[in-house]
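Asker: For reference, the sequence and a predicted model appear below.
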Amino acid sequence: MNDRKLYEQILGISTPWHVEEVELKLEVGQVLIRVEGSSTAEICPECGERRPRYDAIERRWRHLDTCQYQTILIAKVPRIKCDEHGVKQVRVPWSEERSRFTALFEALVIDWLRATENIAAVAKGMRLSWEEVAGIRSRAVGRGIKRRGRAALPASVGVDETSITRGHEYITVVNALSEARVLDVIDERKEESLNAFWSQYSSEELAHVETVAMDMWPPYIASTCKHLSMADEKIVFDKFHIMKHLGDAVDLVRRAENRQLRAAGDERLAKTRYWWLTHPERLEGEARARIDALRGGTLRTARAFRYKEHASQLWGYIRRGMAERLWRQWLHGALRCALEPIRVVARMIRSHWSGVINAATSDITNAMSESVNSHIQRIKKRACGFRSRTRFREAILFHLGGLDLYPVFPSSIHTKA
Ligand SMILES: [Zn+2]
């Protein structure tokens, strides 16, 4: 077998294409493979008919390295003139339109990106520029979304916001809760953001949605109420977010009280922030003994903490009536207590009542949403933040969209539509 036949096999090149020449450029570490097509390659990419050649343009594609040598495919790609579709470049079986890489090379880059989650690392490892790797990822996501079409609506949807950088730029992330799969990423966290998601669907499709888990964010609530019938029964507020609001309330009480105590030389609450936010079981030794004593005591912080502890037990009910009764009891005390931050959260719970009770009686856990969110945070961290929403959206959909990202391989490219 000569080297041309060998490369034809390696590259999967078959009639009407053949390898014309293989040139080793050892001094620049490259293998150049010249490929030519016979006249039967002159097919209109739109209609699949043989058309007369118009001209030919030399193009280059980077392929998988041969040993440590960069392998470059070079071909004069004909353009044909179709009566119906005009002047078009014919499709080549080793690469997608407009890509400067062969399909196999792009597939390898996609594999590396999936494994490392870091464009810079892949660029360095594969001797590509940052923009080239970003371009491959961007095309992969575009192709995945085109194949998927509109995401099918699952029964349980999670809506979450996430910040792009440390600034105040946000995006809205919509998940399929049962699969930890991101369905869509939309600019901003406005009512219009979520409207843009819902309005893709018909009312029959929207009727399949049984649960929408979210934080108590008025624009998301408004959008969901506008698009889903009986939204009150479907909106489930994230119990982790509710508990976080209570945790923040405890901290507000502690800070104010600590200032007061320290002014009188009392250091009991100094440097205890973390203790109040941590589950007692996770603390040990002196910290555990001190916090146990404080938590059971008469400080305002301890009283706030007990409201939070009590609320943490009010989840996981089967019967709605039971959940409503026990949450009402909690509210009764919390709304009237002397701790303003606790009263604020209590009022918030009262005004979002059905969504809180839905959460207290739902077997929908937010574990999936949380795992999606922590994965998003990891992607953000690896990328050292994102300069643009487009890039952030692409990264999220690339890693968490469950999309078919890979380019089409030779055998399937020449099929007539
Ligand atoms: Zn045509």
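Answerer: Perfect, I can see it now. Numbering: from 1, shown residues only.
Asker: Pull out the buried positions in the longest helix along the chain.
Answerer: Longest helix of the chain, by residue count under DSSP state H: helix 239-263. Buried residues in helix 239-263, counted by 16 or more other Cβ atoms under 10 Å: 239-242, 245-247, 249-254, 257-258, 261. (Glycine included, C-beta is placed from N, CA and C.)
Asker: Show me what it is packed against.
Answerer: Packing contacts for helix 239-263, counted by 3 or more Cβ pairs under 8 Å, 6 or more residues apart in numbering; DSSP states H and E, involve helix 273-277, helix 300-312, helix 340-351, helix 353-361.
Asker: Taking their axis directions, the longest one and helix 353-361 sit at what angle?
Answerer: If I follow you right, that is helix 300-312. For helix 300-312 and helix 353-361, the angle between their directions (axes from the mean of the first three to the mean of the last three Cα atoms, to 10 degrees) works out to 70 degrees.
Asker: Centre of the chain to helix 300-312, how far?
Answerer: On the basis of Cα atoms, centre = their mean, to the nearest Å, helix 300-312 is displaced by 35 Å from the centre of the chain it belongs to.
Asker: Could you do the first one as well?
Answerer: Using Cα atoms, centre = their mean, the distance from the centre of helix 273-277 to the centre of the chain it belongs to is 31 Å.
Asker: Could you pull out the helices in the stretch 101-250 of the chain for me?
Answerer: With DSSP state H, counting those that start in this stretch as the definition, the stretch 101-250 of the chain shows helices at residue ranges 103-116, 119-125, 130-148, 191-198, 203-206, 218-227, 231-234, 239-263.
Asker: need the contact list for Thr211.
Answerer: By Cβ atoms under 8 Å, 6 or more residues apart in numbering, Thr211 lies in contact with 155-157, 177, 234, 236, 358, 362, 364.
Asker: just curious, which of the residues you listed is nearest to the ion?
Answerer: For those, the minimum distance to the ion (Cβ to the ion) is 42.2 Å, reached by Val157.
Asker: Tell me how many other residues crowd the closest one.
Answerer: 25 (other Cβ atoms under 10 Å).
Asker: how about it, what does it touch?
Answerer: By Cβ under 8 Å, 6+ apart, the contact set of Val157 is 174-177, 183, 209, 211-213.
Asker: One more: Leu335?
Answerer: By Cβ under 8 Å, 6+ apart, the neighbours of Leu335 are 343, 346-347, 350.
Asker: Tell me the most packed of the residues you listed, by neighbour count.
Answerer: Counting by other Cβ under 10 Å, Ala346 has the largest number of neighbours within the contacts of Leu335, with 23 neighbours.
Asker: Am I right that that one is in contact with Leu331?
Answerer: Yes. At 5.7 Å, Ala346 counts as touching Leu331 under the criterion of Cβ atoms under 8 Å.
Asker: residues contacting whichever residue of the stretch 101-250 of the chain sits closest to the ion?
Answerer: At 21.0 Å from the ion, Lys146 is the closest residue in the stretch 101-250 of the chain, using Cβ to the ion. By Cβ under 8 Å, 6+ apart, no residues touch Lys146.
Asker: Give me the local confidence score for it.
Answerer: The score at Lys146 is 94. That number is its pLDDT.
Asker: any idea where the strands of the stretch 1-150 of the chain begin and end?
Answerer: Counting by DSSP state E, counting those that start in this stretch, one finds strands in the stretch 1-150 of the chain at the ranges 17-25, 30-37, 53-66, 69-82, 86-89.
Asker: out of these, nearest to the ion?
Answerer: strand 69-82 (3.3 Å).
Asker: Now Asn195. Nearest residue, chain neighbours left out?
Answerer: Nearest non-adjacent residue to Asn195, counting by Cβ to Cβ, 6 or more residues apart in numbering: Ser223, 5.0 Å away.
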